[in-house]
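**Student:** Turn this into a structure:
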Amino acid sequence: MSDYPVIHWNEAGEEQSAHWLSANGSPPPKRIILADDTIKADDAYRLACEGTALLWRSDFHNAKNLLQAIARRIDAKAQARKNKATTITEAFHQNRQTQAQRANILSMVLIPLNADHTIPLRRAPDVQQACTEVYGEEKNPFVMSLRELQGIIGAHEWRKKGVEIPALGARIHPHYGVFSPIRGEYLELVAQAPLPDALKQHNTAFDIGTGTGVLAAILAKRGIQHIIATDMHTSALNCARENITRLGFNKQIEMVQADLYPTGKAALIVCNPPWVPAKPSSALDAAIFDPESRMLRGFLSGLAAHLAAQGEGWLILSDLAEHLGLRSRETLLSLIDTAGLQVLGKIDTKPHHPRTADREDPLHAARAAETTSLWRLADK
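**Tutor:** Numbering: from 1, shown residues only. The predicted structure follows:
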């Protein structure tokens, strides 16, 4: 626990302290006051906007109600001052800024937890297993954001329930902080694309940035005998390992902690990097936003050196960034060419998630035009 920040507040005339935990990487609040059922929503909203955190000391459900009341005020104010962006790129940046500000304000309602992950508040839920999955065993009481706690509870339910993957005929169980494969269109691309002939001589594949392990599992189900799944994050590897064990693919899939590539070569190398070249606002955003396309560039620049003779690299990528004006098609093709690669073909599909039909979404035009592609790449 000594590695965690310590926060301080005054209670009954005495200074109190506790460790601050945030799996999102959120910094500890600088000013904290106590709050209970007597606080008015308008006052709580004002204090949160000013950067004052509210450490809750009353009924847990009333804390949830207060958070919802603050959220309504944030959204109403955002709607009142809503500006019409002149370009879709401006709309993207405005939306990101609005969402970041909203998250920051909502993070100002705090909940105390005991060292055993119980909550010392009336009508508090049992969050011991959910918090242990994220934080492990603790030795001291701590404080965290109620909003983050709600995210942990939701992630725990997803972990128990799992996400149905038609390409596997089974469920994948994502862990907190590991990208959940809820958009199935890109999974179907990997399940249906023709496998390279090179696998007949060199039956090895790499899954770069495996996350939940879903792509490695699909390749195993397609009959590839040796798959090395890499990820730089221990949490992702633990998640993938659990899923692969549950699916019975342990003999085919090997887990390796690496930033992109393992050693050696493969006849097939797949990668589904974050699709949007922008700075993540939290640790959880890293699976979606990739500053300066770092992972995309790293995958492309190292691909030729790791492909076996006549092998293929499969890049799974949405063109949403192109429709947002954040990366051009010409830039992508230039990265491929500079890496000494050629495009053998491309398989496209349209996303079918609900947001593509949400005309109230400020980014609707880009989402409606989005195409997800599997680029088949090879050494020149």
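**Student:** Quick check: buried residues in the lowest-mean-pLDDT helix or strand in the chain?
**Tutor:** Within the chain, no helix or strand scores below helix 364-369, which has a mean of 86 by mean pLDDT, DSSP states H and E. Buried residues in helix 364-369, counted by 16 or more other C-beta atoms under 10 Å: 364, 366-368. For every residue, glycine as well, the C-beta is placed using N, CA and C.
**Student:** what helices or strands is that helix leaning on?
**Tutor:** helix 88-106, helix 320-323 (3 or more C-beta pairs under 8 Å, 6 or more residues apart in numbering; DSSP states H and E).
**Student:** could you point out which element follows the longest one?
**Tutor:** This means helix 88-106. strand 109-113 (DSSP states H and E).
**Student:** Does anything pack onto that following strand? Which helices or strands?
**Tutor:** Strand 109-113 packs on strand 52-56, helix 60-80, strand 142-145, helix 146-161, going by 3+ C-beta pairs under 8 Å, 6+ apart.
**Student:** and A286, which of these is closest to it?
**Tutor:** helix 146-161 (14.8 Å; C-beta to C-beta).
**Student:** Report all helices and strands that whichever helix or strand comes after that closest one contacts.
**Tutor:** The element immediately downstream of helix 146-161 (helix or strand, assigned by DSSP H and E) is strand 163-165. Contacting strand 163-165 under the criterion 3+ C-beta pairs under 8 Å, 6+ apart are the following elements: strand 170-172, helix 214-221.
**Student:** sorry, back to before: comparing the helices and strands packed on strand 109-113, which comes out most buried?
**Tutor:** Of all the helices and strands packed on strand 109-113, strand 142-145 has the most neighbours on average by mean count of other C-beta atoms under 10 Å, namely a mean of 24.
**Student:** Name the residues that touch that one?
**Tutor:** 1, 4, 7, 18-22, 26, 55, 106-113, 115 (C-beta atoms under 8 Å, 6 or more residues apart in numbering).
**Student:** just the buried members of those residues?
**Tutor:** Counted by 16+ other C-beta under 10 Å, the contacts of strand 142-145 give 4, 7, 18-22, 26, 55, 106-113 as buried.
**Student:** so L260 is in which element?
**Tutor:** Going by DSSP H and E, L260 is not in any helix or strand.
**Student:** any idea how far the nearest residue to it once chain neighbours are set aside lies from T371?
**Tutor:** Spatial nearest neighbour of L260, chain neighbours left out: G298 (5.0 Å); criterion: C-beta to C-beta, 6 or more residues apart in numbering. According to C-beta to C-beta, to the nearest Å, G298 stands 23 Å off from T371.
**Student:** who touches stretch 220-230?
**Tutor:** 167-168, 191, 195, 199, 203-210, 213, 216, 219, 240, 244, 247, 249, 252-258, 260-262, 264, 266, 268.
**Student:** Before I go, just wanted to say thanks for your time.
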